[in-house]
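Colleague: Mind looking at a prediction? Sequence and model below.
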Amino acid sequence: MKEGPSIATIAALIGDPARANMLGALMAGRALTAGELAREAGVRAPTASGHLARLSEAGLVLVEAQGRHRYFRLSGPDVAHVLEGLMGLAARTGRLRTRPGPRDPALRQARTCYDHMAGEWAVRLYEGLLADGRLTAAEGQVSLTEAGRSFFRAEGVDLSALEAGRRPLCRACLDWSERRPHLGGTLGRAILDHAVARRWVRPSTEGRALTVTPPGLMALRAWVGDAVTPLSETIGRAGG
């Protein structure tokens with residue numbers, strides 16, 4: 001590519017296995033220390049520091065100092081969007097780990113995608129909102145309808161505040177495990193915040209997995225209605 005942005009440097013940084021594992025760990029939306037990221041990458045601390053310096057210089061991660069510790073996080077949702085897309089591409093083309101880890105089933109059912117929800121039930125939620133007309137999708141654009149606005153306002157979501165920022169309110173984010181979209185954007189973030197605050201979902205202390213609680217199951221079923229009938233079974237297994 002001779003004109004426009006150069007993707008080769010960014011692609012090379014993401015393509016290193018250790019750095020890819022670090023970036024994947026940061027998709028949980030939490031800031032992590034260099035030591036925690038070293039464990040995720042399976043490398044020693046000096047090696048991890050070198051990798052993190054390169055990611056920081058490239059603008060893929062940000063570092064914040066608190067006391068004696070330095071915390072790293074993704075520099076923005078666009079980084080997470082690219083990573084989720086690459087995961088979907090890897091899954092579609094058969095680039096999968098030969099030994100899936102114990103967390104894989106939980107991640108496929110419910111997880112964070114930086115600042116919004118992902119996984120099987122998140123895709124079903126997105127499809128349910130489309131099916132009953134609270135969302136519309138046309139020509140790659142996802143929009144909240146008047147019915148959707150009324151619904152989320154009644155749930156206590158401040159749409160005016162969400163629309164005041166630069167990020168889009170709604171965005172279709174291709175789910176790597178389902179290979180169908182889930183809801184991103186500031187509304188996707190608000191839904192996750194809403195669910196966590198009401199203890200509908202419980203974030204894992206490690207990694208990206210989310211556990212849907214029994215009250216969360218009831219609430220999400222009410223949100224989706226009858227549009228997506230298998231939702232209860234899949235969430236019920238994920239929530240234990």
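Modeller: Looks like it arrived, so ask away.
Colleague: Quick one: the strands in this protein, in order.
Modeller: With DSSP state E as the criterion, the chain has strands at 32-33, 61-66, 69-74, 111-113, 116-118, 135-138, 141-144, 171-174, 181-184, 201-203, 210-212.
Colleague: Go through the ones you listed and name the closest to L13.
Modeller: With distances scored as Cβ to Cβ, the stretch of those nearest to L13 is strand 61-66 (10.1 Å). In short, each C-beta sits where N, CA and C put it, glycine included.
Colleague: name the helices or strands packed onto the closest one?
Modeller: When contacts are defined as 3 or more Cβ pairs under 8 Å, 6 or more residues apart in numbering; DSSP states H and E, strand 61-66 packs onto helix 45-57, strand 69-74.
Colleague: now the last one against helix 45-57, angle please.
Modeller: In terms of direction (axes from the mean of the first three to the mean of the last three Cα atoms, to 10 degrees), strand 69-74 departs from helix 45-57 by 50 degrees.
Colleague: pull the CA atoms of strand 69-74 into PDB?
Modeller: What follows is strand 69-74, C-alpha atoms only, in PDB (Å, rounded to 0.1, in the frame of the first residue of the first chain):
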ATOM      1  CA  HIS A  69       2.800   0.600  39.800                       C
ATOM      2  CA  ARG A  70       2.300   1.400  36.200                       C
ATOM      3  CA  TYR A  71      -1.000   0.400  34.600                       C
ATOM      4  CA  PHE A  72      -1.600  -0.300  31.000                       C
ATOM      5  CA  ARG A  73      -4.900  -0.100  29.000                       C
ATOM      6  CA  LEU A  74      -6.000   0.000  25.400                       C
END
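Colleague: all helices for this protein, in order.
Modeller: Assigned by DSSP state H, the chain shows helices spanning 8-15, 17-26, 34-41, 45-57, 77-92, 104-109, 120-131, 146-154, 159-163, 185-197, 214-224, 231-239.
Colleague: Run through this structure and note the low-pLDDT ranges.
Modeller: 1-4, 95-104, 226-240 (pLDDT under 70).
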